[in-house]
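S.K.: I would like to see how this sequence folds:
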Amino acid sequence: MVAFMDIQPITQGHMLVVPRAHAAYMNEIDETVALRTFRIARQLASLARTILGASGVNLLVADGEAAFQDVFHFHVHVIPRYPFDGFGITFPPTYDSPPGRAALDAIAAAIRDAG
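M.R.: Here you go, the predicted model:
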């Protein structure tokens, strides 16, 4: 495992946690390695709050092109957040019209049955 500063940080203190073992996608990484990756990300998030004065932290995994993955080696971004830092998440227009309970139940059942 290695952790380092992002060379193109979104906010002050933006870090990456990267397993040394190669896996392009999250589902390819060994479960123990995945857990260790998130444990380290969590520790760094805590340090960002105490050392850098961040008032929040985003942990971000971009997994697949549709999720904006552009480096095909699993890693976790630790993005410290500050008031008015300019970073944001936008929601699609459909966000204001959520699906009904039946649609949510159908998706949950499909996922549950596949597991």
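S.K.: could you list the low-pLDDT ranges of the chain?
M.R.: Along the chain, the model assigns pLDDT under 70 to no residue.
S.K.: using the centroid of this structure, identify the residue furthest from it.
M.R.: In the chain, the greatest distance from the average C-alpha position (Cα atoms, centre = their mean) is reached by A102, at 28.7 Å.
S.K.: H73 - that's part of a strand, no?
M.R.: No. According to DSSP: H, G, I helix; E, B strand; the rest coil, H73 belongs to no strand; its state is coil.
S.K.: can you tell me how far it sits from P92?
M.R.: Look at H73 and P92: by Cβ to Cβ, to the nearest Å, they are 28 Å apart. C-beta: built from backbone N, CA, C; applies to glycine.
S.K.: please say which of these two ends up with more neighbours.
M.R.: H73 (14 against 6; other Cβ atoms under 10 Å).
S.K.: wait, the more buried one sits on A21?
M.R.: No. The pair H73 / A21 is not scored as a contact, 9.6 Å apart, by Cβ atoms under 8 Å.
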